[in-house]
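In: Quick one, what's the 3D model for this:
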Amino acid sequence: MEWHDIQLDAYAPVTGIQIVVNGKNARSQGVELEVQAAVTNELSATVGGSYTDAHLTQDFIKANFVGRQGDRLPLVPKKQLTARWTMLFRSRRIGISRFMWMPPIEVTSTPRSNNLNTMSPTM
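Out: All right, here's what the predicted structure looks like:
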């Protein structure tokens, strides 16, 4: 997906308050796979995973923030895994359990040239 004039979540450098910054262009592409199987007549299991490459495609400077071409989009996990099971009893769902994993996403405000800051995550 191509984004034009994307809005990005960021954190104010001094207060740490979450804000929205207007960026320029970005691209997000990836793959997702999900498999579901009936383990028994009453129990089904689902396993899935995804990989996302989401990054800026154009430099921008807005107030105290700078985004460089190639910076990953903030708060977008690169990898993600999910697992779920569902149990039925007399044709009614009685239990669902879900597990989700993704690597920690750290959002940084690191000084760059001209004392500007970036809001790119590091993984």
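In: Going by C-alpha atoms from here, please, whenever you check contacts or count neighbours.
Out: Noted.
In: before we move on, what SS does the spatially closest residue to Lys79 that is not a sequence neighbour have?
Out: Counting by CA to CA, 6 or more residues apart in numbering, the nearest residue to Lys79 once its immediate chain neighbours are dropped is Tyr51, at 4.7 Å. Assigned with DSSP: H, G, I helix; E, B strand; the rest coil, Tyr51 falls in the strand class.
In: Number the chain from 51, please
Out: Will do, 51 is the new start, and the previous item becomes Tyr101.
In: State the distance from Tyr101 to Arg122.
Out: 13 Å (CA to CA, to the nearest Å).
In: Could you list the low-pLDDT ranges of this protein?
Out: 143, 145, 154-173 (pLDDT under 70).
In: ok, back up a step: and the residue nearest to Lys129, bridged to which residues?
Out: Val81, Lys129 (DSSP bridges).
In: Neighbours of it, how many?
Out: Residues lying near Tyr101 (other CA atoms under 10 Å) number 15.
In: again, but for Met137
Out: 18.
In: what bridges to it?
Out: Leu93, Gly145.
In: Against Met152, how distant is it?
Out: Distance from Met137 to Met152, by CA to CA: 25 Å.
In: That'll do, ta.
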